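Asker: predicted model follows, preceded by the sequence.
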Amino acid sequence: MSGIAATGAENERPLVDQLLDIAGTVNTSAYFADGEYIPQMSRESELERAFIDSMQAGLALEHIAPRIAALDGGEDGLQLAKQALNYIASGRMVLRDGVAVEHDLVRGGTLVEDAIATRQAGSMFRDAESKVRGIADMALLESLTPDQVFNALANRG
């Protein structure tokens, strides 16, 4: 799993870390939706993993929405979170609609997928990841002191 599971200590973790975990999970969803064909996994398992990981990421993002709202740029952060949730939901819908299990053809069922639909889901998940990383950047900037921001900017240039 991805480390997103909600625990009592979840509120103690920095918001940036939680957002980066969510972004990583959404990225994993995109990876599996695209079909990277992990040798140890069947295509069916990959698509199931994409579906489950995207669900977990969406739930985790909804769970921390109040903390996003508390940021100085909370309104912008919530707008990004809403967009990310929409991308996740759309990706899950495309994934669900692009995959069918044909039980009539083979006793155990066989997976039939629309490769274009699953890749489209991967693209939507990557768009959601980008939005979540944007919120993480906002949270990181807010957590730094002005001196830390200046030093970080000065060391990059």
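Answerer: Nice, thanks for sending it over.
Asker: list the buried ones in the one helix or strand residue 141 maps to?
Answerer: Element membership of residue 141 [criterion: DSSP states H and E] is helix 115-143. Using 16 or more other CB atoms under 10 Å as the test for burial, helix 115-143 gives 117-136, 138-140, 142. Bear in mind the C-beta positions are built from the backbone N, C-alpha and C, glycine included.
Asker: need the mean per-residue confidence for it.
Answerer: Here the mean pLDDT over helix 115-143 is 90, rounded to a whole number.
Asker: for that helix, which helices and strands make contact with it?
Answerer: Packing partners of helix 115-143 (3 or more CB pairs under 8 Å, 6 or more residues apart in numbering; DSSP states H and E): helix 15-34, helix 43-63, helix 74-97.
Asker: extract the CA atoms of the last one and return them as PDB.
Answerer: Same thing as helix 74-97. Backbone C-alpha positions of helix 74-97 (Å, rounded to 0.1, in the frame of the first residue of the first chain) are rendered in PDB as follows:
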ATOM      1  CA  GLY A  74      -6.600  27.900   1.200                       C
ATOM      2  CA  GLU A  75      -9.200  29.100  -1.400                       C
ATOM      3  CA  ASP A  76      -6.800  28.400  -4.200                       C
ATOM      4  CA  GLY A  77      -5.700  25.100  -2.600                       C
ATOM      5  CA  LEU A  78      -9.300  24.000  -2.300                       C
ATOM      6  CA  GLN A  79      -9.900  24.900  -6.000                       C
ATOM      7  CA  LEU A  80      -6.900  22.800  -6.900                       C
ATOM      8  CA  ALA A  81      -8.100  19.900  -4.700                       C
ATOM      9  CA  LYS A  82     -11.500  20.100  -6.300                       C
ATOM     10  CA  GLN A  83     -10.000  19.900  -9.700                       C
ATOM     11  CA  ALA A  84      -7.800  17.000  -8.600                       C
ATOM     12  CA  LEU A  85     -10.800  15.100  -7.200                       C
ATOM     13  CA  ASN A  86     -12.700  15.700 -10.500                       C
ATOM     14  CA  TYR A  87      -9.800  14.300 -12.500                       C
ATOM     15  CA  ILE A  88      -9.600  11.300 -10.200                       C
ATOM     16  CA  ALA A  89     -13.300  10.700 -10.400                       C
ATOM     17  CA  SER A  90     -13.200  11.100 -14.200                       C
ATOM     18  CA  GLY A  91     -10.300   8.800 -14.500                       C
ATOM     19  CA  ARG A  92     -12.000   6.100 -12.400                       C
ATOM     20  CA  MET A  93     -15.100   6.400 -14.500                       C
ATOM     21  CA  VAL A  94     -13.200   6.100 -17.800                       C
ATOM     22  CA  LEU A  95     -11.300   3.200 -16.300                       C
ATOM     23  CA  ARG A  96     -14.500   1.500 -15.200                       C
ATOM     24  CA  ASP A  97     -16.200   2.100 -18.600                       C
END
